[in-house]
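In: fold the following for me, if possible:
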Amino acid sequence: MSLGATLLLSWFCHAADVLFLSTLKGAELAIVQGMMLTADVLSPNEWAQKSTSDFESYKAIIVGDPDELDVRLLDPLVSSRKKWSPAIKGNIIIIGSDPQSFTSRRSGANEETVYRHRPGGS
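Out: This is a model prediction of the structure:
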């Protein structure tokens, strides 16, 4: 799986509240906001302070494509995995297509196309 992989946890199209880590929000945040969903964006320190029950309150946790390829961006997720991973009780979707880096190379492809053509999407 590439660092730019997107994890959609829970059934994205039904999400009332979506959680992002500030260092891994990518273009996915704008797409979520464009879909009229609410989103919380937490700094690594704020993320570390969350409990399992805090993570359970979200319908989706999205790990977006980073602006830079630095595996240390995953450190907050790895160090807190015992808190957030038990909170995941729904569907898990992994997209490793890195649309931000490759959309300019394919005619008609963009991030919006990738997310709109998900299961249950329009």
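
In: next up, the contacts around residue 34.
Out: Going by Cβ atoms under 8 Å, 6 or more residues apart in numbering, residue 34 touches no other residue. Using the backbone N, CA and C atoms, a C-beta is placed for each residue, glycine as well.

In: quick one, helices of the protein?
Out: With helices called from DSSP state H, the chain shows them at 28-34, 44-49, 52-56, 75-79, 81-84, 99-102, 111-116.

In: alpha carbons only: can I get the fifth one in CSV?
Out: Once side chains and other backbone atoms are set aside, the C-alpha atoms of helix 81-84 remain, and they are given as CSV (Å, rounded to 0.1, in the frame of the first residue of the first chain):
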residue,chain,number,x,y,z
ARG,A,81,-3.6,2.6,16.7
LYS,A,82,-4.7,0.9,20.0
LYS,A,83,-7.1,3.8,20.5
TRP,A,84,-8.6,4.3,17.1
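
In: what's the neighbour count on the residue lying closest to residue 26 once chain neighbours are set aside?
Out: Spatially, and ignoring its direct neighbours in sequence, residue 26 is nearest to residue 64 (3.1 Å; Cβ to Cβ, 6 or more residues apart in numbering). By the criterion of other Cβ atoms under 10 Å, residue 64 has 23 neighbours.
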